[in-house]
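> The amino acid sequence is not available; the structure is as follows:
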């Protein structure tokens with residue numbers, strides 16, 4: 001396996017990769033960092049997405065099959081010292097493997113067609129960990145797409161990529177769509193658009209989820225603004241049967257998405 005070795009944190013190749021931790025540089029280069037074996041594995045499965053791979057000596061042994069695959073694809077593979085990997089990693093305990101990947105998002109029109117059955121829309125979601133977890137849950141629930149509206153976090157944020165656990169590479173992701181535009185497109189495709197909000201008049205127990213459905217999820221701290229709620233066909237809350245004050249965003253999204261997935265498969 002032919003590799004180049006990087007030991008200097010000030011090396012141009014290291015600095016070029018490190019700057020992708022900042023959104024401005026990600027947007028300029030149309031590239032991001034995918035850290036950890038799961039993310040790298042899923043990225044390598046998509047043609048033309050992975051640009052280059054960095055691995056420590058230990059990771060070369062542990063994830064040899066991934067580096068072999070990268071080499072077979074003709075990708076540059078860099079052996080990184082512990083210091084270099086620590087410079088590139090955004091985790092406290094790096095796993096010793098990361099890749100530079102090209103952006104994978106698609107336009108709204110390409111992501112959601114007339115046959116879409118389940119879509120997740122993130123409106124004003126700012127926490128990257130929550131956003132990545134919702135993306136992962138949507139993937140697991142069999143959603144057709146995930147839409148990150150223009151007021152939401154960048155899905156290429158390192159924490160969001162890690163929280164998605166590879167799901168960023170599995171289903172169509174839309175970035176930067178205005179909420180009103182996204183909702184109208186979903187309605188035009190025959191989808192019922194439901195806002196998930198703790199103040200909803202109806203609960204999951206009250207609504208029929210067997211048809212094509214898009215869920216709109218908002219900011220965990222303050223929910224969805226009134227103008228967004230007004231765009232949706234209904235506002236639905238997850239019923240709280242115990243004494244908990246509320247559910248966090250990722251948990252509520254999981255309940256809603258799986259309720260739809262189950263209703264569509266077992267009407």
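Nice, thanks for sending it over. Keep in mind it's a predicted model, so treat the numbers as computed, not measured. Numbering: from 1, shown residues only.
> Pull the residues that contact the helix or strand bottoming out on mean pLDDT in the chain.
Least confident element among the helices and strands of the chain, by mean pLDDT, DSSP states H and E: strand 4-6 (a mean of 81). Here strand 4-6 makes contact (C-beta atoms under 8 Å, 6 or more residues apart in numbering) with 13, 14, 54, 76, 77, 78, 79, 80, 81, 84. No exception for glycine: its C-beta is placed from N, CA and C like everyone else's.
> Mind listing what's buried along the longest helix that the chain contains?
Taking DSSP state H as the criterion, the chain has its longest helix at helix 249-265. Within helix 249-265, the residues that count as buried by 16 or more other C-beta atoms under 10 Å are 249-250, 252-257, 259-261, 263-264.
> ok, now stretch 13-27?
By neighbour count with 16+ other C-beta under 10 Å, stretch 13-27 contains the buried residues 13, 14, 17, 18, 20, 21, 26.
> residues contacting the fifth one?
If I follow you right, that is residue 20. Applying C-beta under 8 Å, 6+ apart, the residues near residue 20 are 26, 29, 31, 32, 33, 100.
> For the fourth one, give the beta-bridge partners.
When bridges are called by DSSP bridges, residue 32 pairs up with residue 101.
> wait, what's in contact with it?
Neighbours of residue 32 in contact, by C-beta under 8 Å, 6+ apart: 20, 26, 100, 101, 103, 156, 158, 161.
> With the fifth one instead?
Applying C-beta under 8 Å, 6+ apart, one finds that residue 33 lies in contact with 17, 20, 21, 88, 90, 98, 99, 100, 101, 158, 161.
> okay if I get these as JSON lines plus secondary structure, pLDDT and distance to residue 64?
Formatted as JSON lines, the contacts of residue 33 follow (DSSP: H, G, I helix; E, B strand; the rest coil; pLDDT from 0 to 100; distance: C-beta to C-beta, whole Å):
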{"residue": "17", "secondary structure": "helix", "pLDDT": "96", "distance to residue 64": "22"}
{"residue": "20", "secondary structure": "helix", "pLDDT": "97", "distance to residue 64": "25"}
{"residue": "21", "secondary structure": "helix", "pLDDT": "95", "distance to residue 64": "27"}
{"residue": "88", "secondary structure": "helix", "pLDDT": "93", "distance to residue 64": "20"}
{"residue": "90", "secondary structure": "coil", "pLDDT": "87", "distance to residue 64": "24"}
{"residue": "98", "secondary structure": "strand", "pLDDT": "96", "distance to residue 64": "16"}
{"residue": "99", "secondary structure": "strand", "pLDDT": "97", "distance to residue 64": "15"}
{"residue": "100", "secondary structure": "strand", "pLDDT": "98", "distance to residue 64": "20"}
{"residue": "101", "secondary structure": "strand", "pLDDT": "98", "distance to residue 64": "20"}
{"residue": "158", "secondary structure": "helix", "pLDDT": "95", "distance to residue 64": "25"}
{"residue": "161", "secondary structure": "helix", "pLDDT": "97", "distance to residue 64": "23"}
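> Let me have those residues in TSV, extended by distance to residue 189.
Converted to TSV, the contacts of residue 33 look like this (distance: C-beta to C-beta, whole Å):
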residue	distance to residue 189
17	39
20	34
21	36
88	40
90	36
98	36
99	34
100	34
101	29
158	32
161	28
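> are any of these buried, and which?
17, 20, 21, 88, 98, 99, 100, 101, 158, 161.
> how deep is residue 109 tucked in, by neighbour count?
10 (other C-beta atoms under 10 Å).
> How about the contacts made by it?
The contact partners of residue 109, by C-beta under 8 Å, 6+ apart, come to residue 185.
> how close does it get to residue 116?
Applying C-beta to C-beta, to the nearest Å, the value for residue 109 to residue 116 is 11 Å.
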